[in-house]
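**Student:** Task: produce atomic coordinates for the following.
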Amino acid sequence: KRSISLLGCEAVKALETSNEKGLCGSKFAANIVTRGISYESLAVGDRLRIGEAVLEIGQVGKECWAACEIEDRSLCPLKKACAFAVAERTGIIRVGDTIEVSGDDDA
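**Tutor:** The predicted structure is shown next:
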């Protein structure tokens, strides 16, 4: 359920501008960077329609690595601003495509 990683561009900016020591943003590579998605409102089973593809959310947020150096791990944007998914329907996704979110019983 984790073959595709999604990350909000807002979290990317937070990682780039943070003075917090130990942030591991360089260890996390997103397959798809989004804008304006509320990852905290997503749930396992929700579907994202992006271009021709439909992705099913398998995990919301990211667990910290055991070697994480941040004292206050709640400061890490990766805990809340990312998700992992699998392709329910494959297809072409282009930069600028709209992302439609539907619950697991709406698709």
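
**Student:** Grab the nearest non-local neighbour of the one residue sitting closest to the centre of the chain.
**Tutor:** The residue lying closest to the centre of the chain (C-alpha atoms, centre = their mean) is residue 82, at 2.3 Å. Sequence neighbours aside, residue 7 is the residue nearest to residue 82 in space, at 4.5 Å (criterion: C-beta to C-beta, 6 or more residues apart in numbering). Glycine gets a C-beta too; all of them are placed from N, C-alpha and C.

**Student:** what sits against that neighbour?
**Tutor:** By C-beta atoms under 8 Å, 6 or more residues apart in numbering, the contact list for residue 7 reads 28, 30, 32-34, 78, 81-82.

**Student:** Which residues does it form beta bridges with?
**Tutor:** Beta-bridge partners for residue 7, by DSSP bridges, are residue 33, residue 82.

**Student:** low-scoring stretches of this protein, by residue?
**Tutor:** Filtered on pLDDT under 70, the chain yields the residue ranges 1, 18-27, 65-75, 104-107.

**Student:** all helices of it, in order?
**Tutor:** According to DSSP state H, the chain carries its helices in the segments 9-17.

**Student:** For it, which segments count as strands?
**Tutor:** 4-8, 32-34, 47-50, 53-60, 82-89, 99-102 (DSSP state E).
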